[in-house]
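Peer 1: sharing a model prediction with you, sequence too.
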Amino acid sequence: MVNIRLKLVKSGEEGELIAQGWIKQTTINEPRLSEIAENYRQLGYEVHVVEHGTTEGCNTCFTAGAEIGQFYGDVYVRKGSGKPPDDELF
């Protein structure tokens, strides 16, 4: 049996981010979204969050918490400067 890895062709904003070296890690809502983003920053990564807007089709998952200020976002990371930010514990 032969395994053939497929490379998905991405277009639009996601394709541009991938071309710039960003790696999509997760799609999640608050409060975990901010926590995950901060954890990656503390590990020395650059972090980019793309908020999910309303698109055509079913949006129930993304709009359910909008009335109380929640939103979903994609978390993208890429290698930072190689060292975590200064922290008094280290």
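Peer 2: Okay, I see it. Numbering: from 1, shown residues only.
Peer 1: buried ones in the longest helix along the chain, by neighbour count?
Peer 2: Longest helix in the chain, counting residues (DSSP state H): helix 32-42. Neighbour counts over helix 32-42 (16 or more other CB atoms under 10 Å) mark Leu33, Ile36, Ala37, Tyr40 as buried. Where you see a C-beta, it was placed from the backbone N, CA and C, and this is true even at glycine.
Peer 1: contacts for the helix or strand Asp74 falls within?
Peer 2: Taking DSSP states H and E as the criterion, Asp74 maps to strand 72-79. Contact partners of strand 72-79, identified using CB atoms under 8 Å, 6 or more residues apart in numbering, comprise 14, 17, 20-29, 33, 36-37, 40, 44-52, 61-62.
Peer 1: CA atoms only for that strand - export them in PDB, please.
Peer 2: What follows is strand 72-79, C-alpha atoms only, in PDB (Å, rounded to 0.1, in the frame of the first residue of the first chain):
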ATOM      1  CA  TYR A  72     -15.200  32.300  16.700                       C
ATOM      2  CA  GLY A  73     -11.800  32.800  15.200                       C
ATOM      3  CA  ASP A  74      -9.100  30.900  13.400                       C
ATOM      4  CA  VAL A  75      -5.700  30.900  15.200                       C
ATOM      5  CA  TYR A  76      -2.700  31.000  12.900                       C
ATOM      6  CA  VAL A  77       0.900  30.800  14.200                       C
ATOM      7  CA  ARG A  78       4.400  31.100  12.700                       C
ATOM      8  CA  LYS A  79       7.800  31.000  14.300                       C
END
